[in-house]
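> turn this into a model:
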Amino acid sequence: MIYKLRNDREPIRIAYLGAFQTIWAKHTLNPFEKLKTFKEGKANIEESVAQSPSDTEIRFIRLSVQLNAPKFLGYSNNIEEDKKIIRYSGSDIKSETLQKMIKECLKSKE
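As a prediction, the model looks like this:
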């Protein structure tokens, strides 16, 4: 897979790479490649959460992916945990755009 940034281990970059991979999986024609790409993205997101568990933006990335992932993939077990962390520490986000996205996501998925 050409979408690897293994030389850059910054958690937020890993999370965004993972989100990209999970989205890219939708556009892959081969079903096996589709699942492989999704799993790589999921692994990158989980790695970033493990490296930086209190980062609100990373939690939001994971929440967004889990809310939009097909149910049969079974990637939805952290939704409530991430919502709770985002609600508690969401005011720490400096970007107004990201704050707006978080509010809209939490409001629309309740």
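> which stretches of this structure have low pLDDT?
Flagging of the chain using pLDDT under 70 yields the residue ranges 1-9, 90, 108-110.
> as a quick check, tell me the outermost residue of it.
N30 (22.8 Å; CA atoms, centre = their mean).
> T37 versus that one, what's the distance?
9 Å (CB to CB, to the nearest Å). The C-beta positions use only the backbone N, C-alpha and C, and glycine is treated the same way.
> please apply the same query to I23.
Taken as CB to CB, the span from I23 to T37 is 9 Å.
> ok, longest helix in the protein?
Identified as the longest helix of the chain according to DSSP state H is helix 31-51.
> so how far is that helix off the chain centroid?
For helix 31-51, the gap between its own C-alpha mean and the chain's C-alpha mean amounts to 10 Å (CA atoms, centre = their mean, to the nearest Å).
> ok, now stretch 71-79?
Remark: stretch 71-79 is offset 12 Å from the chain centroid, using CA atoms, centre = their mean.
> format the CA atom coordinates belonging to that stretch as CSV.
Taking Å, rounded to 0.1, in the frame of the first residue of the first chain, the C-alpha atoms of stretch 71-79 are listed here in CSV:
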residue,chain,number,x,y,z
LYS,A,71,-22.0,-2.3,11.0
PHE,A,72,-20.8,-5.7,9.7
LEU,A,73,-17.1,-4.5,10.2
GLY,A,74,-17.7,-4.4,13.9
TYR,A,75,-15.9,-1.2,14.4
SER,A,76,-18.2,0.6,16.8
ASN,A,77,-17.2,-0.4,20.3
ASN,A,78,-15.7,3.0,21.4
ILE,A,79,-18.5,5.3,20.3
